[in-house]
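> can you look at this prediction? I've put the sequence above it.
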Amino acid sequence: MYKFLLCFKYLRTRYLAFVCIVSVMLGVATLIVVNSVMSGFSYKLQNRLHGILSDVMIETDRADGLPGPPDAIVARVLASPVGKYVEATSPTVEVMALLQFQVRSRLTGERFSITKHVRMIGVEPARHAKVGKFLEYLQRQKDGGEASFALTPDALGRFDFNRDFGGWEPRDANAATKLLDFPTVRIPQVPPVDAPPGMFLPALAVPDRASSPPPLVPAAGPPRVPGVFIGHAIAHHTWKDPVTGVSETINLLREGDEVFLATVGATGVKPVASTFAVADYFRCEMSEYDNTFAYVALGELQSMRGMGNRVNTVQIKLIPSAAGDHELVHKTIIPELQKLFGREEAINVVSWQQHQGALLEAIDIERGILNLLLFMIVGVSGFSILAIFTMIVSEKYRDIGVLKSLGASSRGVMSIFVSYGLMLGVVGCGLGTLLGLGITVYINEIEGFLTLVTKQQIFDRGVYYFDKIPTNIETTTVVLVNVGALSTSVLFSVLPAFRAARLHPVNALRFE
Amino acid sequence: MLAATNLRKTYRRNADQVKVLQGLSLDVHAGEFLSVVGASGSGKSTLLHLLGTLDVPDEGTITLNGRRIDNVSSRERDELRNTVFGYIFQFYHLLPEFNTLDNVLMPAYISNSLVKWFATRREWRKRAEAMLERVGLSHRLTHRPRELSGGEMQRAAVARALLCRPQILMADEPTGNLDAEIGADIVRLLRELNRDDGITIVMVTHNLDIAATTDRVLRMTHGKLNTDAPAAFTRPKLAAV
């Protein structure tokens, strides 16, 4: 009984102990916040990475693609033992390409081309939407039905408008003088006098939709130009004012605008190129992909590259029960598929995790190292417990002697201080957990407040396209952090407790 | 009741040796109020610590009611200190964080587990309050030691020592830190306890006047009992009250 009593008493009366509580609390809170934020990033990143890739991919580096038509490959997969796990498949062609389009400077009116290297991916949009989150990432089409490369009437009108009048001069002239039967054409904005250099205007004048102009081309009918889903970041330029810190996003490519894509053919080193019109923006909120992806129709890319009916990747979506079973995917499904295709030259079968292995592994390593470093905070709190307890034992030298003279055992005296350490740990962990969870839940509000106070943006949303700091509170992590901090508190209180237990009562009582 | 035979105790510090007790033997009879007097450093307090199992002798034996207690396990010694021996000290040694009542209850807190304490706490509390009333501190139950006078603190220490109804009370210079009048009050209290409750008391003091009020006085010199003590120091029981 006296052990609890003394613990509580010391906890309430020794203000020095609050230093220990605060240090444990800060350690626990920091670990919880950092882990939750990193886990949030990791979770969101994995989600996005998985969104653009199916569960398993059969891919080849061969320029002419996988041997045989994709249907035959899919049929082989479905006929194999893996077939029962397959929910959907999507044949794709992925090649590196150069993309070029024209823009006009807002300041000088000068026109120039922008060239970017992109990852050109040929897909059957409706089919590809079934193996991942492809459809969700299409800015215009995400809420409606099936994905399609067909241009909207507005986009077609814009394309035709650009093309029929042969380039920029008549376009500008038409827009300015309203010669065309297109009364609601908006005149390109006059660049502000004080606008900083390097800002761009949209490539073309845009019909003002507010007044609903009649489209020049009827909505029905097959598209006369192949569409491309262009990465959102390719089509948009974000400019940040160095003085005010305000970001401005300028649209460089609108739907219907023409882009030029060049790559190499399937046989020999033969450049091939074609013109496409922007049909939609692709935005998965991963800057790397939004900046490099250009989706075109599978048939277009196959014919452009002269690869017939062949593809270089078959993406396979597994049924949910199999997809979630890491063991099954990596120990059964992938080896089975490797057996099926492994003998073929330059064919790889990989899961989405293996495909993005380096990135995911980097996040895990980073998290591990960060945890190790941050646990030092808890280590420091352990040393503060050691120091403060040693002081308390010295201060309570006489009281320990009195307790022993009244019949308290050495073990009892030891357990007073170990329990005291445990209690400080419990209080510190409790408060730390509350603080950590509080900060995690309100991290965006806190970030907003700090940004307001310091006038420095702490979390740049432009980097990850996260509209807020992602967090993911994992119960296991919270429990582990608490167990670690509690163990440290107890461990570091053992030494002073042992010293107190060994104290000879006669020595303690001899003098005042 | 309590007998020590040929007790020897030497304190060592590096190469230095201080022979505190050198073959001391004594008997404490049940119900007597015994005082041990002697100059500082004569070994009075060490004798008391050995008799009360706070320390162990290098040589010699100590028996309580015929049973050796100098070589028992530390657990048994703890139990003896909790139930058989009661201690009062020159500097009272109350725990500053606790009020008077809690200080008095401390031996009960030590001897009871958490569960047992909650089962018996009312009884203990009643007993502690009775003890405090007995020593005249019923109006000071919730006061902290720093709010009490020296005499009151010593009274509280007496109440604490008596809570578990010990057979023997060990008093280590109980009046050493008090003025003559308050010191006499404390000795009067001890005498009452000895007379009314039959508690055996071994008191160490260097105050010959106070020692003279006890039943028997033993004089210590250089770690031994001085058998040539004047007869005036030995009084018939209760004579001094």
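Structure's in. What do you need? Only a predicted model underlies this, so the values are computations on that prediction, with no experimental measurement involved.

> in chain B, which spans are strands?
Per DSSP state E, chain B carries strands over the ranges B:2-13, B:16-28, B:33-38, B:59-64, B:67-68, B:85-88, B:168-172, B:200-205, B:216-221, B:224-226.

> show me which of these has the highest average neighbour count.
Burial of those is given as mean neighbour count (mean count of other CB atoms under 10 Å in any protein chain shown); strand B:85-88 ranks first at a mean of 27. For every residue, glycine as well, the C-beta is placed using N, CA and C.

> list the contacts of that strand.
The contact list for strand B:85-88 (CB atoms under 8 Å, 6 or more residues apart in numbering or on different chains) reads A:405-406, B:52-54, B:81, B:154, B:157-158, B:160-162, B:164, B:166-172, B:174, B:199.

> do I have it right that B:Gly223 meets B:Tyr11?
No - B:Gly223 is beyond contact range of B:Tyr11, at 11.0 Å (criterion: CB atoms under 8 Å).

> what's the one helix or strand A:Asn47 maps to packed up against?
Following DSSP states H and E, one finds A:Asn47 within helix A:17-52. Packing partners of helix A:17-52 (3 or more CB pairs under 8 Å, 6 or more residues apart in numbering or on different chains; DSSP states H and E): helix A:357-395, helix A:410-441, helix A:475-502.

> would you tell me what the next helix or strand after it is?
From helix A:17-52 onward toward the C-terminus, using DSSP H and E, the following helix or strand is strand A:56-60.

> any idea how far A:Met391 is from A:Ile377?
Between A:Ile377 and A:Met391 the computed distance is 21 Å (CB to CB, to the nearest Å).

> which one of these two has more residues nearby?
Using other CB atoms under 10 Å in any protein chain shown, the more surrounded residue of A:Ile377 and A:Met391 is A:Ile377, with 18 against 13.

> just read off the phi/psi values of B:Arg144.
phi -80, psi 160 (degrees, to the nearest 10).

> can you name the residues that contact the nearest residue to it once chain neighbours are set aside?
Of all residues not flanking B:Arg144 in the chain, B:Asn99 sits nearest, at 5.6 Å (CB to CB, 6 or more residues apart in numbering or on different chains). B:Asn99 sits next to B:Leu141, B:Thr142, B:His143, B:Arg144 when contact means CB under 8 Å, 6+ apart.

> A:Arg411 too?
Neighbour list for A:Arg411: A:Ala501 [criterion: CB under 8 Å, 6+ apart].

> and the longest helix that chain B contains, what does it pack onto?
Secondary structure of chain B read by DSSP state H shows that its longest helix is helix B:114-134. If you count contacts as 3+ CB pairs under 8 Å, 6+ apart, helix B:114-134 packs onto helix B:100-111, helix B:150-162.

> which one of these lies closest to A:Leu431?
Minimum separation from A:Leu431 across those (CB to CB) falls at helix B:100-111, 27.7 Å.

> just the C-alphas of the closest one, formatted as PDB.
Provided in PDB are the C-alpha atoms of helix B:100-111 (Å, rounded to 0.1, in the frame of the first residue of the first chain):
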ATOM      1  CA  THR B 100       0.100  13.600  11.100                       C
ATOM      2  CA  LEU B 101      -2.500  10.900  10.700                       C
ATOM      3  CA  ASP B 102      -0.900   9.500   7.600                       C
ATOM      4  CA  ASN B 103       2.500   9.500   9.300                       C
ATOM      5  CA  VAL B 104       1.000   7.600  12.200                       C
ATOM      6  CA  LEU B 105      -0.600   5.200   9.800                       C
ATOM      7  CA  MET B 106       2.700   4.500   7.900                       C
ATOM      8  CA  PRO B 107       3.500   1.200   9.700                       C
ATOM      9  CA  ALA B 108       0.000   0.000   8.700                       C
ATOM     10  CA  TYR B 109       0.500   1.200   5.100                       C
ATOM     11  CA  ILE B 110       3.700  -0.900   5.100                       C
ATOM     12  CA  SER B 111       2.300  -4.000   6.600                       C
END
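
> pull the number of nearby residues for whatever residue of chain B ends up closest to chain A.
Scanning chain B for the residue nearest chain A gives B:Asn82, at 2.6 Å (criterion: CB to the nearest CB). Using other CB under 10 Å, B:Asn82 is surrounded by 21 other residues.

> wait, what's in contact with the closest residue to chain B within chain A?
For chain A and chain B, the shortest gap (CB to the nearest CB) falls at A:Gly407, measuring 2.6 Å. Residues near A:Gly407 by CB under 8 Å, 6+ apart: B:Asp78, B:Glu79, B:Leu80, B:Arg81, B:Asn82, B:Thr83, B:Pro107, B:Ile110, B:Ser111.

> and the pLDDT at it?
On the pLDDT scale, A:Gly407 is placed at 89.

> let's have the strands of chain B in CSV, adding mean pLDDT.
CSV is the format used below for the strands of chain B (pLDDT from 0 to 100):
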stretch, mean pLDDT
strand B:2-13, 88
strand B:16-28, 87
strand B:33-38, 89
strand B:59-64, 91
strand B:67-68, 90
strand B:85-88, 90
strand B:168-172, 91
strand B:200-205, 91
strand B:216-221, 88
strand B:224-226, 82
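
> adding distance to B:Lys44, write the ones you listed out as JSON lines.
Converted to JSON lines, the strands of chain B look like this (distance: least, CB to CB, whole Å):
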{"stretch": "strand B:2-13", "distance to B:Lys44": "12"}
{"stretch": "strand B:16-28", "distance to B:Lys44": "10"}
{"stretch": "strand B:33-38", "distance to B:Lys44": "5"}
{"stretch": "strand B:59-64", "distance to B:Lys44": "16"}
{"stretch": "strand B:67-68", "distance to B:Lys44": "23"}
{"stretch": "strand B:85-88", "distance to B:Lys44": "14"}
{"stretch": "strand B:168-172", "distance to B:Lys44": "8"}
{"stretch": "strand B:200-205", "distance to B:Lys44": "4"}
{"stretch": "strand B:216-221", "distance to B:Lys44": "6"}
{"stretch": "strand B:224-226", "distance to B:Lys44": "11"}
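
> neighbours around the nearest residue to A:Gly428 once chain neighbours are set aside, how many?
Leaving aside its sequence neighbours, A:Gly428 sits nearest to A:Val24 (CB to CB, 6+ apart; 2.7 Å). A count of nearby residues for A:Val24, using other CB under 10 Å, gives 32.

> surely A:Val24 and A:Cys429 touch.
Yes - using CB under 8 Å, A:Val24 is in contact with A:Cys429, at 6.3 Å.

> can you pull the residues that touch both of the two?
Residues touching both A:Val24 and A:Cys429 (CB under 8 Å, 6+ apart) are A:Ala485, A:Ser489.

> contact partners of stretch A:145-152?
Under the criterion CB under 8 Å, 6+ apart, residues A:125-126, A:128-129, A:134-135, A:138, A:140-141, A:159, A:219, A:222-223, A:225-229, A:255-256, A:277, A:279, A:296-297 lie in contact with stretch A:145-152.

> again, 6 Å this time
Residues outside stretch A:145-152 that contact it (CB atoms under 6 Å, 6 or more residues apart in numbering or on different chains) are A:Pro125, A:Ala126, A:Ala129, A:Leu135, A:Leu138, A:Gln141, A:Pro223, A:Gly227, A:Ala277, A:Ala279, A:Ala297.

> just the ones of the residues you listed in helices?
When the contacts of stretch A:145-152 are checked against helices (DSSP H), the matches are A:Pro125, A:Ala126.
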